[in-house]
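In: Quick check, what structure comes out for this input:
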Amino acid sequence: MTDRPRRTPSLFDAPAADTRDLLARMREQQEQLFAQLQSSDQHFRRLARSVWRVQEDERRRLARDLHDGIGQHLTALRHRLDALARERGGADCVPLREAIALCETAVEETRAMSRLLRPQILDDIGLDAALRWLARQTGSETCAIEVDVGPLPELDEGLATLLFRVAQEAFTNAHKHAHARNVVLRLAARGDHLQLLVVDDGIGCDVDAALGKSRAGDSTGLASIGERVRLFGGDLALSSNKDEGFQLRVTLPLGGGAPAARPEGTAA
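Out: Below you'll find the model as predicted:
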């Protein structure tokens, strides 16, 4: 007589009570696993945000060193050259005039680098004033930038810095890459979320291709901006078509906790 192969027991072979107990244990294990994954994700976010905060602190230090160190030395050198010109009648001395002009250019470029690294106005006056200053600095005769900021609750430093960096990237893209003539930024609180919208009338682009280049480090920092937005529990949505401009929308929870609901077209 041929022995029949043994069949592996299944849930259907167990009594109903044992099956319920087994399913309950499986649900409990699943819930524990989800809790561990959520805890790990929150820990990663806190760690990444701490790293970003350190980077911003370093930007602030470098900006201060540029302004108070190199900038002050260049200003002092400019005054010495002016004094030398007056003492020796150097108004007609071409090399001296050129040296003074180079010094003035170096002073202005140093101040501009300092402000772009970490604008003092963001720390001293706040996000609204910093965004308007950024619009004036980035805009030009061929690119008008409008900023509309509604009433906002008090924002922590990290959230304000994130919004400023998003606007900085969007303005730079619109001006240098999209060749936009008009850019509009709107920032407002909607319930327990912040909504930032930046729209331009530039040449547009293929969003997927732009994100791919950004991730590869070949072009703009859109992918980096998206990663930072997600660290704060938010979403970045991009929309564009060739010759139809570009739209960037950021939704952020005011509490900085759970991620916002992901709208259609959100960049992954």
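In: What score does E109 have for pLDDT?
Out: On pLDDT, E109 comes in at 83.
In: quick one: E28 and G233, what's the gap?
Out: For E28, the distance to G233 (CB to CB, to the nearest Å) stands at 28 Å. In this view, the C-beta of every residue, glycine as well, is placed from N, C-alpha and C.
In: The two: which has the busier surroundings?
Out: G233 (19 against 10; other CB atoms under 10 Å).
In: My reading is that that one lies in a helix. Confirm?
Out: No. Counting by DSSP: H, G, I helix; E, B strand; the rest coil, G233 is not part of a helix but coil.
In: That one is in contact with L254, isn't it?
Out: No. Judged on CB atoms under 8 Å, G233 makes no contact with L254 at a distance of 10.0 Å.
In: can you give me the strands for the stretch 101-250 of the chain?
Out: 144-149, 182-190, 193-200, 235-240, 246-253 (DSSP state E, counting those that start in this stretch).
In: Show me what the first one is packed up against.
Out: Using 3 or more CB pairs under 8 Å, 6 or more residues apart in numbering; DSSP states H and E as the contact definition, the elements that strand 144-149 packs against are helix 127-138, strand 182-190.
In: would you turn the ones you listed into TSV with distance to D208, mean neighbour count and mean pLDDT?
Out: TSV is the format used below for those (distance: least, CB to CB, whole Å; neighbours: other CB atoms under 10 Å; pLDDT from 0 to 100):
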stretch	distance to D208	mean neighbour count	mean pLDDT
helix 127-138	26	18	91
strand 182-190	22	18	94
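In: Would you mind giving these as JSON lines with distance to D201 added?
Out: Formatted as JSON lines, the helices and strands packed on strand 144-149 follow (distance: least, CB to CB, whole Å):
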{"stretch": "helix 127-138", "distance to D201": "15"}
{"stretch": "strand 182-190", "distance to D201": "5"}
